[in-house]
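J.: Pasting the sequence and the predicted model now:
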Amino acid sequence: MLTVVCEKPGSLLALDRPKPERAPGETLVRIKRVGVCGTDLHIFNGNQPFLEYPRVMGHEFSGIVEQSEAGSGLEPGDVVYVMPYLSCGDCIACRQGKTNCCVRIQVLGVHRDGAFTEYLSLPHGFVLKADGVTLDQAAMIEFLSIGAHAVRRSDVQSGQRALVVGTGPIGMAVAIFSRLRGAKVTVLDTREDRLTFCKQHLQIDSAVLIGEDDKQQLEQLTEGEFFDVVYDATGNAKAMERGFEFIAHGGKYVLVSIVRDTISFSDPEFHKREATLMGSRNATVEDFRYVEQCLRDGLIPDAALNTHRMALSEVTERFTTLLDPAQRVVKAIVEC
């Protein structure tokens, strides 16, 4: 079977690997669609934490059940998507239902090989039947769920002001689900094309281009009060540190992105606000099912989000084009 391997930063190889055998307790999935994530781009560029090379990338994917077993709830031909965070089930986090931050988590495409291939055999519990959504939509559920989880963690309320810093796919997902909860959403980014996309497709309230007077604009938009909830989705340490400036008194700061660096901030400024700082990692089954329902209900502009496509056989030649800002990529989908 065709498999694309990131041998080392900047190097992709197309290999022919044996089709995996289904083990007891597993479901064999014929992979059909894989979303390309910022994590994949970080892996290709060599700046993804918690990773060793060589690695088969890809953790946002959908497919068709080829083989399963009695009791799995899955039948050959079922359209499925995969929860790519393989959790242990018995650590301190898992015992609290926080499988997204399992102590021994194994993320497909990061800690173990992912979906840039044709088949994967996976434990039943992480293979979820997709009802009433297409293969394309099912492949988008994972990245959308990360945004949904961050918004649920923040508990943003209707009428509150939310600022999303960074409008890549994860930031856009945060904006979508903040708006669905009734928040007044502002997005902040360096890329005017991304801000334009958000205004056209995500029904946000305001968009601000990063520049010399961006803080003044944010201050004016909020009558000097700034934001009840600030979400960082930049993957940039300096941007993460700057985001503390935008928290309202009594507000919350949610770090959705992850970087290798140490983050620092002014304790007096943080303390006087009685601000809440929280990390948001991955997502849970609850988030996945919520996103699936939102897709069924037509609440997410998934067709607009999917800006680029390529075949698995084209990945080694075309993957680098996804790094070019001029291509205006939001979400690329690989057809397997």
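T.: Received it, and whenever you're ready, just let me know what you need. Remember, predicted model here, so these are calculated numbers, not experimental data.
J.: OK, contacts around the nearest residue to residue 160 once chain neighbours are set aside?
T.: Leaving aside its chain neighbours, residue 160 sits nearest to residue 228 (3.9 Å; criterion: Cβ to Cβ, 6 or more residues apart in numbering). (C-beta placed from N, C-alpha, C; glycine too.) Residues counted as contacts of residue 228 (Cβ atoms under 8 Å, 6 or more residues apart in numbering) are 156, 157, 160, 161, 162, 183, 248, 250, 251, 252.
J.: Secondary structure of residue 228: a strand, I assume?
T.: Yes - under DSSP: H, G, I helix; E, B strand; the rest coil, residue 228 sits within a strand.
J.: Work out the gap between stretch 241-254 and the centre of the chain.
T.: 22 Å (Cα atoms, centre = their mean, to the nearest Å).
J.: Touching it from outside, list them.
T.: By Cβ under 8 Å, 6+ apart, stretch 241-254 touches 150, 153-154, 161, 163, 165, 215, 218, 222, 225-232, 263-266, 269-270, 272-280.
J.: Pull out the buried residues from the residues you listed.
T.: Burial of those was assessed by neighbour count (16 or more other Cβ atoms under 10 Å); the buried members are 150, 153-154, 161, 163, 165, 215, 218, 222, 226-232, 265, 273, 275, 280.
J.: returning to that earlier point: which ones among the contacts of stretch 241-254 are found in strands?
T.: 161, 163, 165, 227-232, 276-279 (DSSP state E).
J.: Of those, just say which sits nearest to residue 300.
T.: For the ones in strands among the contacts of stretch 241-254, the residue nearest residue 300 by Cβ to Cβ is residue 231; the value is 17.4 Å.
J.: wait, doesn't the closest one sit right on residue 165?
T.: Yes - when contacts are counted by Cβ atoms under 8 Å, residue 231 is listed as touching residue 165 (6.8 Å).
J.: overlap in contacts of the two?
T.: With Cβ under 8 Å, 6+ apart, residue 231 and residue 165 have common neighbours residue 171.
J.: which of the contacts of residue 228 are buried?
T.: The buried subset of these - by 16+ other Cβ under 10 Å - is 156, 160, 161, 162, 183, 248, 251, 252.
J.: Could you dump these into TSV with pLDDT added?
T.: Shown next, in TSV, are the buried ones among the contacts of residue 228 (pLDDT from 0 to 100):
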residue	pLDDT
156	98
160	98
161	98
162	98
183	98
248	98
251	98
252	98
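J.: Name the nearest of those residues relative to residue 175.
T.: residue 162 (7.9 Å).
J.: Is that closest one in contact with residue 156, as I believe?
T.: Yes - using Cβ under 8 Å, residue 162 makes contact with residue 156 at a distance of 5.4 Å.
J.: Return every residue with contacts to both of these two.
T.: By Cβ under 8 Å, 6+ apart, the residues touching both residue 162 and residue 156 are 178, 183, 228, 229.
J.: Thanks a lot, see you next time.
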